[in-house]
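Visitor: Sharing a model prediction with you, sequence too.
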Amino acid sequence: MKQFDYVRPATVAEAVAAAAQPGATYLAAGTNLLDLMKGNVSRPDRLVDVTHLDGLDGIEHLADGSLRIGALVSNADLAHDAEFAKTYPAVAEALLSGASAQLRNAATVGGNLLQRTRCAYFYDTASRCNKREPGSGCDARDGENRTHAVLGWSESCIATHPSDFCVPLLALDAIIEIEGPKGRREIALDELHRLPGNTPERESALEPGDLIVAVRLPPAARGFAAHARYLKVRERTSYAFAIVSAAAALRIENGKIAEARLALGGVAAKPWRARAAEDVLKGVAPTADAFQEAAWRALTDAKPSGDNAYKIELARRIVVRALTLAAAGTPARIPALPASPFASTSGAIHA
Amino acid sequence: MNHSISLTVNGARRDFVLDDPRVTLLDLLRERLHLTGTKKGCDRGQCGACTILVDGKRINSCLALAVSHDGADILTIEGVARGDQLHPVQAAFIAHDGFQCGFCTPGQIMSAIGMMQEAQAGNDPERIRECMSGNLCRCGAYAGIVDAVLEAQAGADETNQRRSA
């Protein structure tokens, strides 16, 4: 690990000023950053430790029905907050399907959003990677790429974003609150992560010094609690990143879908909102045919980036199953194997 | 630049001067305090051998910078027994052969203690397996580990019932 300076600011303003310097990076729990630093993939000159800042670790219910989650709330504390899990069940299920209990206890909400890709070529400093070293090339393109992107990728980069948490958050129109050198601003989660294009090293809309201070779920996000699921296919049942995942949330009124929300994970450099699929579900009955049509629309633009054409069909099927299980109703308790498509579930006829 | 930090380790306050901020909690415990029960397996957060409790919660000590944990209350495997009296989870691991080579065992035990405090798995073997998935055992003693945790959980439930009765 390269040497670095460690600073522990007392206020958000001090933190922003310290992190705006070239070579500086924020440190929260460090569960991803330290791993990357040990492998010399990340080589910051300065770590700005935000874990001791006050006021960033609360879960607040706002007067307008929004929920404001501080950036330093741990993944475990959020998922195990009974009120949160009841109101936003797909988000809680996604959180509990990610990483291990130890990592969820440490990892923060803000850190989860900003975790880096798990592309093996990004991690291997002996490989060419345009994200790690702009202009060097992409060894994933002709390498072991069966888990790589099928949507939104470019010749420069075919990496995927690994977060589970982001997928239902995106479906629920989460808003990111940012404190930066020019003051406070907020953006939609959909605008936080960037597609690679020719600049895969630019992964987010954040500028130097920008600090995510909170994630907000708007009032409408509460309307999907009765019909929401997150499903995730991975190569082992627990403690593995998604090959493909889907968050499905439905508002069902009088036997018809009043509103549908759908997002995919593991398919692109960002969590992927499937608006065309949502549109086709609006106002129709929750039937297998409708879900098939939605799945087809969700993957219309998908194309393999290597040995991963199977992910497109897998994504379609996981979309159908997530919608089917969401329509059947949110389980009273998060299943023993969160987000597992293989877990026994009650009442739903699987696609 | 030196950084001064204080930790409570197994009930005792310890002060440190770190001349390098790169020291992890794992290396601090092993190299500075010679508490070598906490194991370094992968050193990258994948195996769980380094699991300790920080402020009552289980984490991977290999991915935690010591300098960032100033003021933390730390419990390691060396701090769970009371004198010669083993912690119930330790005793259950012995009773159920919850190990073979033993390298992952301190992490397994600390993780199980943390898991029982989290109270998410109860006595459901499937939930216990899921909640313990952050601890790998290359000998494959998982069946014994789950049995040990089930017994420890049953004992804790009984104690709680007696207390509330």
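Guide: Yep, that arrived. Numbers count the residues shown, from 1 in each chain, chains lettered A, B, ... in the order given.
Visitor: wait, what's in contact with A:Gly152?
Guide: A:195-196, A:268-270, A:272 (C-beta atoms under 8 Å, 6 or more residues apart in numbering or on different chains). C-beta here means a position set from N, CA and C on the backbone, and glycine is covered the same way.
Visitor: ah, wrong one, I meant B:Cys104
Guide: Taking C-beta under 8 Å, 6+ apart, we find B:Cys104 in contact with B:39, B:41, B:47-49, B:135-139.
Visitor: Output those as TSV; include the columns pLDDT, distance to A:Arg333 and neighbour count.
Guide: Conversion of the contacts of B:Cys104 to TSV gives the following (pLDDT from 0 to 100; distance: C-beta to C-beta, whole Å; neighbours: other C-beta atoms under 10 Å in any protein chain shown):
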residue	pLDDT	distance to A:Arg333	neighbour count
B:Lys39	98	34	21
B:Gly41	98	33	19
B:Cys47	98	29	23
B:Gly48	98	25	28
B:Ala49	98	31	26
B:Asn135	98	24	27
B:Leu136	98	27	19
B:Cys137	98	28	22
B:Arg138	97	33	11
B:Cys139	97	33	13
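Visitor: what's the closest of those to chain A?
Guide: Ranked by distance to chain A (C-beta to the nearest C-beta), the contacts of B:Cys104 are led by B:Gly48 at 6.2 Å.
Visitor: unless I'm mixing things up, that closest one is touching B:Gly134, no?
Guide: Yes: at 4.6 Å, B:Gly48 counts as touching B:Gly134 under the criterion of C-beta atoms under 8 Å.
Visitor: picking that back up, what's the farthest-apart pair in the contacts of A:Gly152?
Guide: A:Pro196 and A:Trp272 (13.5 Å; C-beta to C-beta).
Visitor: Could you list the low-confidence segments of chain B?
Guide: Scanning chain B for pLDDT under 70 picks out no residues.
Visitor: Closest residue of it to chain A?
Guide: Residue nearest to chain A within chain B: B:Gly134 (2.5 Å; C-beta to the nearest C-beta).
Visitor: what about that residue, how many neighbours?
Guide: Neighbours of B:Gly134 under the rule other C-beta atoms under 10 Å in any protein chain shown: 26.
Visitor: In contact with it, which residues?
Guide: Contacts for B:Gly134 (C-beta under 8 Å, 6+ apart) come out as A:99-103, A:239, B:48, B:51, B:60, B:111.
Visitor: One more pass at 10 Å, please.
Guide: Applying C-beta atoms under 10 Å, 6 or more residues apart in numbering or on different chains, we find B:Gly134 in contact with A:99-105, A:238-239, B:45-48, B:51, B:58-60, B:107, B:111, B:114-115.
Visitor: Could you do A:Pro196 as well?
Guide: Contacts of A:Pro196 (C-beta under 10 Å, 6+ apart): A:117, A:130-131, A:138, A:149, A:152-159, A:202-203, A:268-270.
Visitor: now with 7 Å?
Guide: Under the criterion of C-beta atoms under 7 Å, 6 or more residues apart in numbering or on different chains, the neighbours of A:Pro196 are A:153-154, A:156-157, A:269.
Visitor: Chain B contacts on the stretch 151-300 of chain A?
Guide: Taking C-beta under 7 Å from any C-beta of the partner chain as the measure of proximity, the stretch 151-300 of chain A contacts chain B at A:238-239.
Visitor: Which parts of the stretch 151-300 of chain A are strands?
Guide: Ranges of strands within the stretch 151-300 of chain A are A:175-180, A:183-188, A:211-217, A:228-233, A:244-253, A:256-265, A:272-273, based on DSSP state E, counting those that start in this stretch.
Visitor: how many neighbours does the residue of the stretch 1-150 of chain A found nearest chain B have?
Guide: Using C-beta to the nearest C-beta, A:Ser100 is the residue of the stretch 1-150 of chain A that sits closest to chain B, at 2.5 Å. The burial count assigned to A:Ser100 is 26, neighbours taken as other C-beta under 10 Å.
Visitor: Same question for A:Asp5.
Guide: 15.
Visitor: backbone phi and psi for the closest residue to B:Phe99 other than its chain neighbours, please?
Guide: Nearest residue to B:Phe99, sequence neighbours excluded (C-beta to C-beta, 6 or more residues apart in numbering or on different chains): B:Thr105, at 4.4 Å. The phi/psi pair for B:Thr105 (degrees, to the nearest 10) reads phi -60, psi -50.
Visitor: And for B:Thr105, the neighbour number?
Guide: For B:Thr105, using other C-beta under 10 Å, the count is 24.
Visitor: Who are the contact partners of A:Tyr239?
Guide: Neighbour list for A:Tyr239: A:99-100, B:133-134 [criterion: C-beta under 7 Å, 6+ apart].
Visitor: Kindly apply the preceding question to B:Arg30 instead.
Guide: Residues counted as contacts of B:Arg30 (C-beta under 7 Å, 6+ apart) are B:36, B:38, B:40.
Visitor: Relative to A:Leu95, which of the strands of the stretch 151-300 of chain A is closest?
Guide: strand A:228-233 (9.0 Å).
Visitor: That closest one - contacts with which helices or strands?
Guide: When contacts are defined as 3 or more C-beta pairs under 7 Å, 6 or more residues apart in numbering or on different chains; DSSP states H and E, strand A:228-233 sits against helix A:89-96, strand A:244-253, helix A:310-328.
Visitor: what helix or strand is A:Ile69 on?
Guide: strand A:67-70 (DSSP states H and E).
Visitor: Show me the strands paired with that strand, marking each as parallel or antiparallel.
Guide: Strand A:67-70 has these partner strands in its sheet, going by DSSP bridges: strand A:59-61 (antiparallel), strand A:211-217 (antiparallel).
Visitor: Now tell me what touches it from outside.
Guide: By C-beta under 7 Å, 6+ apart, the surrounding residues in contact with strand A:67-70 are A:56-62, A:78, A:109, A:214-217.
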